[in-house]
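1. no sequence on this one, just coordinates:
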């Protein structure tokens with residue numbers, strides 16, 4: 001759809017903010033996805049379009065974590081295969097649901113995500129870099145990553161909270177958890193974009209405009225959390241809770 005200069009500016013700065021938030025904790029899509037709908041995209045097209053920015057932001061965050069040697073490869077080997085399988089199934093559902101039904105589901109997701117952030121059920125992290133679980137616990141973790149991929153393929157918004165919740169439950173701090181989340185989200189969101197684009201559910205102009213801001217925001221977020229440490233990350237999460245709560249309060 002045609003896009004004017006005001007919309008371009010709005011999307012760029014929204015992407016900048018979302019990229020920073022996503023690289024720190026996740027949840028940037030909780031306001032970029034409604035924003036795309038507000039700017040005129042049908043909900044199902046907004047759902048596909050929003051992921052272009054997520055891919056660009058994940059590239060920036062993954063590169064930053066990789067340069068610092070923080071990405072735990074054993075965790076990615078455990079998480080990526082089941083998550084990718086889940087994405088295929090979730091994207092199949094996203095391509096077939098109607099706009100009104102998707103909009104209602106999104107409204108419920110926004111409320112649930114806000115409750116999650118306020119509740120903050122993540123386990124206090126341990127020191128160091130715990131290895132991924134094995135045996136029965138490992139298969140349970142794979143099942144959860146499959147469910148995360150299924151959700152990510154369908155709607156994506158708030159998926160970062162799910163990844164961090166799982167990594168936190170296994171003793172990783174927020175920085176290490178984000179170092180798993182960034183490349184994992186990059187891999188399965190790229191697949192989702194390809195599948196949704198084939199279904200005609202991506203507006204490339206609006207998506208790339210949003211993405212141009214998000215990639216810079218993602219790199220800034222990684223730098224901030226590594227330099228400032230985990231205590232600063234928790235303070236940012238508190239601010240994110242307030243922003244999301246206000247957003248939900250004033251949504252029509």
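-> Here it is on my side, so go on. Just so it is clear, the model here is predicted, and its values are computed rather than measured.

2. got a list of what residue 88 touches?
-> 153, 191, 195 (C-beta atoms under 8 Å, 6 or more residues apart in numbering). Using the backbone N, CA and C atoms, a C-beta is placed for each residue, glycine as well.

3. so where is the chain shaky, pLDDT-wise?
-> Scanning the chain with the threshold set as pLDDT under 70 gives 1-2, 22-27, 110-111, 113-128, 218, 220-252.

4. which residue ranges of it form helices?
-> 5-24, 29-38, 43-67, 73-94, 99-119, 135-154, 159-169, 174-198, 204-228, 230-250 (DSSP state H).

5. rewinding a little: make a markdown table from the contacts of residue 88 and add neighbour count to it.
-> As requested, those are exported to a markdown table (neighbours: other C-beta atoms under 10 Å):
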| residue | neighbour count |
| --- | --- |
| 153 | 29 |
| 191 | 20 |
| 195 | 20 |
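
6. would you turn those residues into CSV with distance to residue 145?
-> Output for the contacts of residue 88, formatted as CSV (distance: C-beta to C-beta, whole Å):
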residue, distance to residue 145
153, 12
191, 14
195, 19
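
7. quick check, nearest of those to residue 204?
-> Ranked by distance to residue 204 (C-beta to C-beta), these are led by residue 195 at 15.1 Å.

8. what residues does the closest one make contact with?
-> Per C-beta under 8 Å, 6+ apart, neighbours of residue 195: 88, 91, 92, 95, 153.

9. how about JSON lines for these, with distance to residue 42 added?
-> JSON lines is the format used below for these (distance: C-beta to C-beta, whole Å):
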{"residue": "88", "distance to residue 42": "23"}
{"residue": "91", "distance to residue 42": "17"}
{"residue": "92", "distance to residue 42": "18"}
{"residue": "95", "distance to residue 42": "13"}
{"residue": "153", "distance to residue 42": "19"}
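
10. pick out the most distant pair among those.
-> Pairwise over those, using C-beta to C-beta, the maximum falls at 88 and 95, 11.0 Å.

11. contacting residues around the residue nearest to residue 84 when sequence neighbours are not counted?
-> What sits nearest to residue 84 in space, not counting adjacent residues and going by C-beta to C-beta, 6 or more residues apart in numbering, is residue 188, at 5.6 Å. Residue 188 sits next to 80, 83, 84, 86, 87, 149, 152, 153 when contact means C-beta under 8 Å, 6+ apart.

12. do you know how far residue 97 is from residue 159?
-> Note on residue 97: its distance to residue 159, by C-beta to C-beta, to the nearest Å, is 17 Å.

13. which parts of stretch 78-95 are buried?
-> 78-80, 82-87, 90-91, 94-95 (16 or more other C-beta atoms under 10 Å).

14. so can I have JSON lines of these showing distance to residue 31?
-> Shown next, in JSON lines, are the buried residues of stretch 78-95 (distance: C-beta to C-beta, whole Å):
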{"residue": "78", "distance to residue 31": "31"}
{"residue": "79", "distance to residue 31": "26"}
{"residue": "80", "distance to residue 31": "27"}
{"residue": "82", "distance to residue 31": "29"}
{"residue": "83", "distance to residue 31": "24"}
{"residue": "84", "distance to residue 31": "27"}
{"residue": "85", "distance to residue 31": "29"}
{"residue": "86", "distance to residue 31": "24"}
{"residue": "87", "distance to residue 31": "23"}
{"residue": "90", "distance to residue 31": "21"}
{"residue": "91", "distance to residue 31": "22"}
{"residue": "94", "distance to residue 31": "19"}
{"residue": "95", "distance to residue 31": "24"}
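
15. residue 104: which of those is nearest?
-> For the buried residues of stretch 78-95, the closest approach to residue 104 (C-beta to C-beta) belongs to residue 94, at 14.1 Å.
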